[in-house]
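Visitor: Need coordinates for the following:
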Amino acid sequence: GWVSVASVYFILDSTGPSLIIHAPAGGPYLNVSSVTMSWTATDALSGIGHYEVSIDGISWISTTSTSYHFSGLEDGCWTLYVRAYDAAGNLGERSTSVIIDTIAPTAEVTATGDGVDITSDIVIRFSEAMSTDSVTVAVDGVRMPISWSGNEARCTLYLLERDRPYVLVIHGQDLAGNEV
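Guide: Okay, the predicted model is just below:
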């Protein structure tokens, strides 16, 4: 008699896709209430099927795009997630955190007013962490050296004249780029 032979070729795919987040970039601090996350994913065996994105892993939104725009974010820390699913249903997941800060910092200056010692330190307490490289302090247009301790900047004043007003100007940015 006759004999029938059948062959089936298949690949068992039990590995999730490889996933890389490209944006947001430039650090975790942002001074806007929206952010676009972009990524790339690869899967050598069955290919990419779709993606899902989430804020803080709470609810997931399905997409076939390799970017997603999150909007309406309030000030605070947010974790953005992306999942890549391959055609076999395996997933790869990555996340990135951002800190939304849309509020400008404030500065409180001590050693002001009448009767201040002319060799006093000026102490500037900022309401939040500052990009210390961006902060400048000038007295009558002369830039002063600054020393830092946490959110506090200190300048020591020398050779000031008594009984005359001085103009103190402070410039700088917080970690999100908001101006003081």
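Visitor: Point to the residue nearest the middle of this structure.
Guide: Pro28 (1.6 Å; CA atoms, centre = their mean).
Visitor: Just the pLDDT at that residue, thanks.
Guide: Pro28 carries a pLDDT score of 90 in this model.
Visitor: Number the chain from 19, please
Guide: Got it, the first residue is 19 from now on, which makes the last one we talked about Pro46.
Visitor: what's the neighbour count on Gly190?
Guide: 21 (other CB atoms under 10 Å). Where you see a C-beta, it was placed from the backbone N, CA and C, and this is true even at glycine.
Visitor: Quick one, grab the pLDDT at it.
Guide: At Gly190, the model reports a pLDDT of 97.
Visitor: do Asp135 as well
Guide: Per the predicted model, pLDDT is 61 at Asp135.
Visitor: Can you give me the distance of the residue nearest to the centre of the chain to Val26?
Guide: 50 Å (CB to CB, to the nearest Å).
Visitor: show me the contacts for the residue nearest to the centre of the chain.
Guide: For Pro46, the contacting residues are Thr114, Ser115, Val116, Ile117, by CB atoms under 8 Å, 6 or more residues apart in numbering.
Visitor: for the residues you listed, which one is nearest Val157?
Guide: Ile117 (32.7 Å; CB to CB).
Visitor: hang on, that closest one is in a helix, isn't it?
Guide: No: counting by DSSP: H, G, I helix; E, B strand; the rest coil, Ile117 falls outside a helix, being strand.
Visitor: That'll do, ta.
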